[in-house]
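*Asks:* coords please:
(one chain, ligands or ions: 1)
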Amino acid sequence: MKNFIVAIDGPAGSGKSTVAKILAKKYAMTYLDTGAMYRMCALYFIENEISIDKKKNIEENLPLINIDIEKDKFFLNGKDVSLEIRTPKVTGMVSYVAKIKEIREKMVELQRKISEGKDVILDGRDIGTVVFPNADLKIFLVASPEERAKRRMKDYEEKGIHEDYEKVLASILERDFIDSTRKEGPLKKASDAVEISTDGDTIDETVAKLGVFIGVAKEKKARREEEQGE
Ligand code: DC
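*Replies:* Numbering: from 1, shown residues only. Just a heads-up that it's a prediction; the model follows:
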């Protein structure tokens, strides 16, 4: 079978990365966390104290941002930043960075390049609409803001980061707003995506639901390729 692409989009905290990781393992696919790529860009501008408000700064610095991903480790210009990209500081800034056209163009190109010739599950906001509009399966994962804030609190607690619930909820709502209203690659359900709510579901239940869709999409692709004699 030609490379099989699964796009999982949805708002922050809907459970995308957790289920995508499990599914990728289960179906022997590559997992690409595209949010982590925007987070690395945000970290670059924070660490180097460069303002993102000036177009010149973006143009000059974009070629200096080198991103490497090895399994679940993220390298920014050779340095492992897997932990730094999850801090509230990066989380607070990343949606402003992800609004910038030039940054999005570079990330989208890189996402397509990384996926070349592979069976890949990508999670993000614009995978089904922009990065892979012809993906074999598009899932739009949703959950209520309150449930998503609770999950993000749990993530922070596990990392030893203390944050206030109201602050986390406000940050989620703010990011939803910025991500959905931006001009370039906004958070949007593709017209041919399957919408699944994770509210009240365990991770296993969501994984099982998505697994059914993956099975169907695989069969459909295999049948189509057979019909076309590929
Ligand atoms: O999924 P996440 O919380 O790690 O994403 C971080 C930010 O990056 C979030 O504000 C949305 C943005 N993002 C995006 O604009 N496009 C993607 N494909 C993935 C993430």
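*Asks:* Tell me which other helices or strands the lengthiest helix in the chain touches.
*Replies:* With residue count as the measure and DSSP state H as the assignment, the chain has helix 203-227 as its longest helix. Using 3 or more CB pairs under 8 Å, 6 or more residues apart in numbering; DSSP states H and E as the contact test, the elements touching helix 203-227 are strand 5-9, helix 16-26, strand 137-142, strand 194-197. To be clear about C-beta, it is placed using only N, CA and C from the backbone, and glycine gets the same treatment.
*Asks:* and the first one with the ligand, contact?
*Replies:* The reference is to strand 5-9. No. Using CB under 6 Å from any ligand atom as the criterion, no contacts between strand 5-9 and the ligand are found, and the smallest distance is 7.5 Å.
*Asks:* just to revisit the earlier point, and of the helices and strands packed on helix 203-227, who's closest to residue 77?
*Replies:* Smallest distance to residue 77 across the helices and strands packed on helix 203-227 (CB to CB): 23.2 Å, for helix 16-26.
*Asks:* Extract the C-alpha trace of the helix or strand that that closest one is followed by and format it as PDB.
*Replies:* Reading on from helix 16-26 to the C-terminus, the next helix or strand found by DSSP states H and E is strand 30-33. Output in PDB follows, covering the C-alpha atoms of strand 30-33 (Å, rounded to 0.1, in the frame of the first residue of the first chain):
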ATOM      1  CA  THR A  30       5.300   7.300  12.400                       C
ATOM      2  CA  TYR A  31       3.900   9.900  14.700                       C
ATOM      3  CA  LEU A  32       4.500  13.500  14.000                       C
ATOM      4  CA  ASP A  33       3.600  16.100  16.700                       C
END
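*Asks:* Next, the buried residues of the longest helix of the chain.
*Replies:* Within helix 203-227, the residues that qualify as buried are 206, 207, 209, 210, 213, 214, 217, 218, 221, counting by 16 or more other CB atoms under 10 Å.
*Asks:* In TSV, list those residues along with pLDDT.
*Replies:* Listed next are the buried residues of helix 203-227 as TSV, based on pLDDT from 0 to 100:
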residue	pLDDT
206	96
207	97
209	96
210	97
213	97
214	97
217	97
218	96
221	94
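*Asks:* which one of the residues you listed sits closest to the ligand?
*Replies:* Nearest to the ligand among the buried residues of helix 203-227, counting by CB to the nearest ligand atom, is residue 206 at 16.0 Å.
*Asks:* show me the contacts for the closest residue to residue 33 other than its chain neighbours.
*Replies:* Setting aside the residues directly before and after it, residue 33 is nearest to residue 17 in space (CB to CB, 6 or more residues apart in numbering), at 5.6 Å. When contacts are counted by CB atoms under 8 Å, 6 or more residues apart in numbering, residue 17 is found next to 33, 35, 123.
*Asks:* and which of these is nearest to residue 57?
*Replies:* Within the set of the contacts of residue 17, residue 35 lies nearest residue 57; the separation is 22.4 Å, counting by CB to CB.
*Asks:* tell me how far stretch 199-213 is from the chain's mean position?
*Replies:* Taking CA atoms, centre = their mean, to the nearest Å, one finds the center of stretch 199-213 at 18 Å from the center of the full chain.
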